[in-house]
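Asker: sharing a sequence plus its predicted fold:
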2 protein chains.
Amino acid sequence: MMEFHLVSNGRMHLNEFSKIAGRVAPYVDFIHIREKHRSAQDITSAINKLKEESIPSENIIVNDRVDIASVEGVRGVQLAYHSIGIKEVRKHFPQFRIGKSVHSVMEAQEAETDGADYVLFGHIFSSNSKPGLMPKGVEALKDVVDATSIPVIAIGGITPQNVHEIRRTGAKGIAVMSGLLDAHDPYQMAQEYKKGWVI
Amino acid sequence: MMEFHLVSNGRMHLNEFSKIAGRVAPYVDFIHIREKHRSAQDITSAINKLKEESIPSENIIVNDRVDIASVEGVRGVQLAYHSIGIKEVRKHFPQFRIGKSVHSVMEAQEAETDGADYVLFGHIFSSNSKPGLMPKGVEALKDVVDATSIPVIAIGGITPQNVHEIRRTGAKGIAVMSGLLDAHDPYQMAQEYKKGWVI
């Protein structure tokens, strides 16, 4: 079992993103709206487009904007270091599955202590989304997996060809942006990721 | 009675803003944190700085970020056209005093219908915060006041010298950014606004 997250890239038109999300939905577990520079209205509109593509609220995660996630009744929020803290979100919005984006063992342990349901760790491999930043690599991913008892989802530069390396660390799954969003055939590519995991 | 709002300008260091807010607090009714480009952590930290300056949560309003307002337990939220809608906020966060920023009679009437507690209308006079944009003028302000039955707060280029023009329209009060924030002596300037209103 590979937990499979698709994350929006903050650049693509949200109509197009929603169409791709709708296409890969049979293979994907969670769709993240991660649009740091867009307004509440735009993010709300993106969630509604996902719903029009028959993606249930249960599978939608909103980055940072806990208020929009609450009003729209989606399943989860993904928090960054600059977001509202995990404990505060848990206390005031107990309905959410809470993910925290982390970049070290220490941050991952802190997220677990604070009550995160899972962590997103990366970026693992070099990727176009993070040019110039040193990738963490699979060894660091394994360190995070070994140091925590909550699920670890890997992000950054993951392809169908290297996804088996992620599996070997004991990570619970992967999150993908350009790997699916820039694919010629996202539906087939989603299948390739699934196949790559079990090779 | 003049309802007096101080609004942060999105640029000033929030330590400095909080100090000025603390100084003018005896004359001001509401302090708005309006920091569109800052993170949830930064906005939260600004609210805490205001509290350290002995400004009660009852007098603090957060722009756009309903989640932060909720977690921090402040009095109100100020919504723009790109924010979560008034009805949704009212339904999911019934505790808030809700202000809506509007730019026309039609938007003001819509805000009233949707259940806003007040509208912020502007900008009235030419101001450094909105260079190049035509000010609405006091006639337009009077049109909004006459067309709605909720309080109208005027914003934009208001000074102790022209504040009596605002009063004459029937507006409930004023919101000020640079008028107080850039003043040599904000405390005395706050008094000048109060005096100007009743002249």
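Answerer: Thanks, I have the structure now.

Asker: tell me how many other residues surround the nearest residue to residue A:158 once chain neighbours are set aside.
Answerer: Closest residue to residue A:158 apart from its sequence neighbours, by C-beta to C-beta, 6 or more residues apart in numbering or on different chains: residue A:174 at 5.0 Å. For the C-beta atoms, the positions are set from N, CA and C on the backbone; glycine is no exception. Per other C-beta atoms under 10 Å in any protein chain shown, the neighbour tally for residue A:174 reads 27.

Asker: cool, residue A:27 as well?
Answerer: Neighbour count for residue A:27, taken as other C-beta under 10 Å: 18.

Asker: also the one 4 residues further on?
Answerer: Counted by other C-beta under 10 Å, the residues lying close to residue A:31 total 29.

Asker: give me the mean pLDDT for the helix or strand containing it.
Answerer: Following DSSP states H and E, one finds residue A:31 within strand A:30-33. Taken as a whole, strand A:30-33 carries a mean pLDDT of 98.

Asker: quick one: the next helix-or-strand element following it to chain centroid distance?
Answerer: Tracing the chain C-terminally past strand A:30-33 and defining elements by DSSP H and E, one meets helix A:40-52 next. Relative to the centre of its chain, helix A:40-52 is centred 17 Å away, using C-alpha atoms, centre = their mean, to the nearest Å.

Asker: list the buried residues for helix A:40-52?
Answerer: Of all the residues in helix A:40-52, those buried under the rule 16 or more other C-beta atoms under 10 Å in any protein chain shown are A:40, A:43, A:44, A:46, A:47, A:49, A:50.

Asker: and for stretch A:154-171?
Answerer: Neighbour-count burial for stretch A:154-171, counted by 16+ other C-beta under 10 Å, picks out A:154-160, A:163, A:165-167, A:169, A:171.

Asker: and stretch A:63-75, by the same measure?
Answerer: Buried residues in stretch A:63-75 (16+ other C-beta under 10 Å): A:63, A:64, A:65, A:66, A:67, A:68, A:69, A:70, A:71, A:72, A:74, A:75.

Asker: nearest to residue B:148 among the buried residues of stretch A:154-171?
Answerer: Lowest distance from residue B:148 to those (C-beta to C-beta) belongs to residue A:155, with 48.4 Å.

Asker: ok, the closest one touching residue A:120?
Answerer: Yes. Counting by C-beta atoms under 8 Å, residue A:155 does reach residue A:120; the two are 5.4 Å apart.

Asker: gap between residue A:90 and residue A:114?
Answerer: 8 Å (C-beta to C-beta, to the nearest Å).

Asker: again with residue A:97
Answerer: For residue A:97 relative to residue A:114 (C-beta to C-beta), the value is 14 Å.

Asker: what does residue A:154 give?
Answerer: Residue A:154 is 21 Å from residue A:114, by C-beta to C-beta.

Asker: then residue A:23?
Answerer: Counting by C-beta to C-beta, the gap from residue A:23 to residue A:114 is 35 Å.

Asker: for residue A:120, same thing?
Answerer: Counting by C-beta to C-beta, the gap from residue A:120 to residue A:114 is 15 Å.

Asker: cool, and residue A:179?
Answerer: Using C-beta to C-beta, we find residue A:179 at a distance of 29 Å from residue A:114.

Asker: so if I had to pick from those two, which one is more boxed in?
Answerer: Neighbours were counted for residue A:179 and for residue A:114 using other C-beta under 10 Å; residue A:179 has more, 24 against 16.

Asker: helix or strand for that one, which one?
Answerer: According to DSSP H and E, residue A:179 maps onto helix A:178-181.

Asker: over to residue A:94?
Answerer: Applying DSSP H and E, one finds residue A:94 in no helix or strand.

Asker: tally up the residues packed near it, please.
Answerer: Residue A:94 - counted by other C-beta under 10 Å - has 8 other residues nearby.

Asker: swap in residue A:143?
Answerer: Neighbour number of residue A:143 under other C-beta under 10 Å is 17.

Asker: so it sits in a helix?
Answerer: Yes. With DSSP: H, G, I helix; E, B strand; the rest coil as the criterion, residue A:143 is assigned to a helix.

Asker: and the residue lying closest to it once chain neighbours are set aside, what pLDDT?
Answerer: Counting by C-beta to C-beta, 6+ apart, residue A:143 lies nearest to residue A:105, which is 5.4 Å off, once chain neighbours are set aside. We note a pLDDT of 98 for residue A:105 in this prediction.

Asker: brilliant, that's me finished.
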